[in-house]
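*Asks:* quick one, what's the 3D model for this:
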Amino acid sequence: MTLTVALVAFVMLRITAQTVAHKSRGVRIITFDAPGAGVKSGQGTVPRSINAKGEITGEYYDAKTVVHGFLRTADGSIHTFDVPGASKRNGQGTFSESVNPRGEITGFYYGADSQVVYTRGFTRDASGSITTFDGGPEFGTIPQSSNPTGEITGAYSRGGFVRASDGTVRTFAVSKFVTVPKSINSKGEITGWYDDKGFVVHGFVRTASGTITEFDAGPQVFTTPVSINSAGEITGYYNDAPSAIHGFVRSPRGTITSFDVGSNCFTIPHAINERGEIVGDYYQADSLVHGFVRARDGTITTFDVRGAAKRFFGDGTTPQDINSNGEITGWYSDLDGVYHGFLRIPAD
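*Replies:* Sure, this is the predicted structure:
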């Protein structure tokens with residue numbers, strides 16, 4: 001249950017979203033909202049993942065702050081959906097985390113058939129058919145990532161799992177405390193983090209055969225990997241002091257390069273694509289969040305979605321994923337604290 005909290009009837013609508021494009025030096029930013037998304041503070045549209053086709057998935061919060069999944073196709077049409085049996089309580093429902101190149105979506109949902117609050121995993125194929133599953137023998141399944149072959153990884157209770165395309169589930173643990181897989185690449189390699197007995201966070205990478213390598217971005221730091229590409233390059237962030245968060249990229253051979261968007265700021269990567277481009281967000285003393293994309297050569301470009309504003313700490317522009325074409329998706333918050341989705345299309 002601790003992990004579930006920390007990680008925070010099938011309906012299908014096909015509606016073209018209202019979009020607004022902002023052009024700047026050849027870069028286009030398209031904003032969008034899922035149909036049915038709420039328009040009050042803490043409500044709205046929250047994209048999580050984009051595939052090579054430009055399909056985007058995520059969740060939206062309706063007027064009662066119930067959570068639903070959505071898929072936005074490359075032409076801008078939006079399909080909304082709920083896992084059958086998902087809870088309709090405030091802050092609960094269907095959470096869509098990842099979409100792979102085949103258009104298959106994975107995520108988790110809160111069950112409504114018990115007095116106990118728990119999560120289960122689901123996978124939704126390109127035709128809209130939904131299959132539910134558990135990642136382990138205990139409550140609290142939270143899928144995080146799906147690769148091109150349909151393999152899924154994520155966490156359950158205190159352990160990790162990998163689910164094959166045929167539905168077979170294997171569990172694993174890096175430590176006896178908490179193991180949280182975050183990303184799986186086309187080779188079946190998985191990265192994520194785990195807690196040791198002193199509650200210090202370390203990174204790991206797991207091969208398709210199950211060999212696990214642990215790593216840290218530096219001595220006496222909290223290392224949190226979040227994404228791995230097909231080359232085995234890993235990105236994430238680490239804390240080396242209570243008030244400092246830095247980004248890092250780890251090569252397939254284990255060399256770690258740290259980076260910051262600027263001085264005196266928190267740098268938090270969220271994804272790395274096949275070209276080695278990294279996307280994430282950063283914030284400074286004003287606590288307004290800004291987006292960034294880091295090229296393979298280390299060049300960093302910052303950006304904000306027009307209309308992004310701060311009402312609460314951490315509001316602003318929050319990129320979540322980048323595909324092999326350099327297209328970025330994420331969300332931004334407006335002056336009223338409402339979330340909206342965006343798609344950033346590079347000049348090339």
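*Asks:* what is the least confident helix or strand in the chain?
*Replies:* None of the helices or strands of the chain scores lower by mean pLDDT, DSSP states H and E than strand 13-16, at a mean of 30.
*Asks:* tell me the centre residue of the chain?
*Replies:* Geometric centre of the chain, nearest residue: residue 48, 4.8 Å, by C-alpha atoms, centre = their mean.
*Asks:* okay, the residue nearest to that residue when sequence neighbours are not counted: pLDDT?
*Replies:* Using C-beta to C-beta, 6 or more residues apart in numbering and skipping residues adjacent in sequence, the residue nearest residue 48 is residue 58, 4.2 Å away. Where C-beta positions appear, they are placed from N, C-alpha and C, glycine not excepted. Per-residue pLDDT puts residue 58 at 98.
*Asks:* also residue 23?
*Replies:* Taking residue 23 on its own, its pLDDT is 45.
*Asks:* with the one 5 residues further on instead?
*Replies:* Per-residue confidence at residue 28 stands at 96 (pLDDT).
*Asks:* how about residue 218?
*Replies:* 86.
*Asks:* what sits against it?
*Replies:* The contact partners of residue 218, taken as C-beta atoms under 8 Å, 6 or more residues apart in numbering, are 238, 240, 256, 258.
*Asks:* widest-spaced pair of the residues you listed?
*Replies:* Greatest spatial distance in the contacts of residue 218: 240 and 256, 12.6 Å, computed using C-beta to C-beta.
*Asks:* just for the chain, where's the confidence low?
*Replies:* 1-25, 114, 242-243 (pLDDT under 70).
*Asks:* hmm, what's the outermost residue in it?
*Replies:* Relative to the C-alpha centroid of the chain, counting by C-alpha atoms, centre = their mean, residue 115 is the outermost residue, at 28.3 Å.
*Asks:* state the distance from that one to residue 95.
*Replies:* 21 Å (C-beta to C-beta, to the nearest Å).
*Asks:* check residue 89 too.
*Replies:* Note on residue 89: its distance to residue 95, by C-beta to C-beta, is 13 Å.
*Asks:* the two: who's more crowded?
*Replies:* Neighbour totals were compared for residue 89 and residue 95, and residue 95 leads with 24 against 14 (other C-beta atoms under 10 Å).
*Asks:* ok, that one - contacts?
*Replies:* Residue 95 touches 8, 59, 67, 69, 107, 108, 109, counting by C-beta under 8 Å, 6+ apart.
*Asks:* looking at those residues, which two lie furthest apart in space?
*Replies:* Maximum pairwise distance among those (C-beta to C-beta): 14.8 Å, between 8 and 69.
*Asks:* so between these two, which is more surrounded?
*Replies:* Neighbours were counted for residue 8 and for residue 69 using other C-beta under 10 Å; residue 69 has more, 28 against 9.
*Asks:* next SSE downstream of the helix or strand that contains residue 267?
*Replies:* Assigned by DSSP states H and E, residue 267 belongs to strand 266-272. Next helix or strand after strand 266-272 toward the C-terminus (DSSP H and E): strand 278-283.
*Asks:* now that next one, how far from the centre of its chain.
*Replies:* 13 Å (C-alpha atoms, centre = their mean, to the nearest Å).
*Asks:* now do it: which elements does it pack against?
*Replies:* strand 234-241, strand 244-250, strand 266-272, strand 289-294, strand 317-322, strand 328-333 (3 or more C-beta pairs under 8 Å, 6 or more residues apart in numbering; DSSP states H and E).
*Asks:* redo those strands as a markdown table? Include distance to residue 83.
*Replies:* Below are the helices and strands packed on strand 278-283 laid out as a markdown table (distance: least, C-beta to C-beta, whole Å):
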| stretch | distance to residue 83 |
| --- | --- |
| strand 234-241 | 29 |
| strand 244-250 | 34 |
| strand 266-272 | 24 |
| strand 289-294 | 30 |
| strand 317-322 | 21 |
| strand 328-333 | 21 |
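*Asks:* wait, which of these is closest to residue 190?
*Replies:* Closest among the helices and strands packed on strand 278-283, using C-beta to C-beta: strand 234-241, at 10.3 Å.
*Asks:* between strand 278-283 and the closest one, find me the angle.
*Replies:* 30 degrees (axes from the mean of the first three to the mean of the last three C-alpha atoms, to 10 degrees).
*Asks:* for strand 234-241, buried residues please.
*Replies:* Residues of strand 234-241 classed as buried: 234, 235, 236, 237, 238, 239, 240 (neighbour count, 16 or more other C-beta atoms under 10 Å).
*Asks:* send me that strand as PDB with only the CA atoms.
*Replies:* Provided in PDB are the C-alpha atoms of strand 234-241 (Å, rounded to 0.1, in the frame of the first residue of the first chain):
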ATOM      1  CA  ILE A 234      19.700   5.500 -19.000                       C
ATOM      2  CA  THR A 235      18.600   8.800 -17.700                       C
ATOM      3  CA  GLY A 236      17.400   9.900 -14.300                       C
ATOM      4  CA  TYR A 237      18.200  12.200 -11.500                       C
ATOM      5  CA  TYR A 238      20.100  12.200  -8.200                       C
ATOM      6  CA  ASN A 239      20.200  14.200  -5.000                       C
ATOM      7  CA  ASP A 240      23.600  15.100  -3.500                       C
ATOM      8  CA  ALA A 241      22.100  17.400  -0.900                       C
END
